[in-house]
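>>> A predicted structure for the sequence below; I have some questions about it.
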Amino acid sequence: MIKLTKRQDEILNIVKQNGPITGQEIAEKLSLTRAALRPDLAILTMSGKLDARPRVGYFFNDNYEVKRQADKFLHQKVTDYKAHPIVVEKSTPVYDAIVQLFLEDVGTLYAVDSEGHLAGVISRKDLLRASLGNKNLQELPVSVIMTRMPNIITINSEETLLEAAKKMIQNHIDSLPVVKEVDQQKNTYLLLGRITKTTITRAYLEIMEK
Ligand code: ADP
């Protein structure tokens, strides 16, 4: 992205508010000659910010603005948006995990082993399924019902929100644990955070509203 000069910013604002507007009219508003404006207008049209039509004048290119925001959205890093992971020990009873889900107001819990490495994912449906016809939820550990390693879909801090969104949609899941690899062969990962469908929606709103 090229940084605009103060005058180019002024021109953009004039065109945004008054477009379509001729070069002569812009020049008058800025108390400059048409010739003095020519290089700035050339830069603004060549970079796609403004469009020009003969005998009509300059107008603001809305598509450019949308594309710029979309580009910005797509390149955001997971590390800047990740939330705290809500974690339980894998020996935790299903009953306690359900209580935890309500207390923390989340849809997914992550289970860790005694060394603190990611061991499983427990979603709302996993807990509902376990609750159906199972009377002894205080005795049943989440390790029995969770989705386990190596079947967990994870994401790294340096990946983008676009990659996170793709993984969630392609795998029909609501959240991704953000991890740092400890040992790839042993499938051991440290848990750094979580990205959910809500994270993506919030990022989208934040960027579009700016
Ligand atoms: P819900 O159960 O509320 O619909 P999900 O769609 O996220 O939530 O979960 C659907 C299934 O996918 C569950 O069995 C869950 O354990 C599993 N799951 C959720 N997240 C992941 C993940 N990141 N990697 C692998 N499996 C997952």
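Here it is on my side, so go on. Computed from a prediction, not measured in an experiment: that's the story for all the values here.

>>> Check whether stretch 103-123 comes close enough to the ligand to count as a contact.
Yes. On the criterion Cβ under 6 Å from any ligand atom, stretch 103-123 is in touch with the ligand at 107-108, 121, 123. Where you see a C-beta, it was placed from the backbone N, CA and C, and this is true even at glycine.

>>> ranges for the strands of the protein?
Along the chain, the segments classed as strands by DSSP state E run 50-53, 57-60, 87-89, 108-112, 118-123, 147-148, 175-183, 188-196.

>>> near the ligand, which residues of this protein?
Residues of the chain lying near the ligand by Cβ under 6 Å from any ligand atom: 107-108, 121, 123-126, 147, 151-153, 172-176.

>>> Repeat the analysis, applying 5 Å as the threshold.
Within the chain, the positions near the ligand by Cβ under 5 Å from any ligand atom are 121, 123-126, 147, 152-153, 173-174, 176.

>>> low-scoring pLDDT stretches of the chain, where are they?
By pLDDT under 70, the low-scoring segments of the chain are 1-2, 210.

>>> Skipping its backbone neighbours, what lies nearest the residue of it positioned farthest from its centre in space?
Distance from the C-alpha centroid of the chain, by Cα atoms, centre = their mean, peaks at Thr33 (45.1 Å). Distance criterion Cβ to Cβ, 6 or more residues apart in numbering; nearest residue to Thr33, sequence neighbours excluded, is Ala27 at 6.0 Å.

>>> I'd say that neighbour and Ala36 touch.
Yes. Contact criterion Cβ atoms under 8 Å: Ala27 and Ala36 qualify, at 7.3 Å.

>>> Looking at the two, which is more packed in?
Ala27 (18 against 11; other Cβ atoms under 10 Å).

>>> Distance check, the more buried one against Asp51.
Here Ala27 is placed at a distance of 18 Å from Asp51 (Cβ to Cβ, to the nearest Å).

>>> Pipe the strands of the chain into TSV and attach distance to Ala203 per row.
TSV is the format used below for the strands of the chain (distance: least, Cβ to Cβ, whole Å):
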stretch	distance to Ala203
strand 50-53	29
strand 57-60	26
strand 87-89	23
strand 108-112	18
strand 118-123	22
strand 147-148	25
strand 175-183	14
strand 188-196	10
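
>>> what is Leu109 paired to in the beta sheet?
Beta bridges link Leu109 to Ile122 when assigned by DSSP bridges.

>>> and it, how many residues sit next to it?
26.

>>> got a list of what it touches?
Leu109 makes contact with 86-88, 97, 100-101, 121-122, 142, according to Cβ atoms under 8 Å, 6 or more residues apart in numbering.
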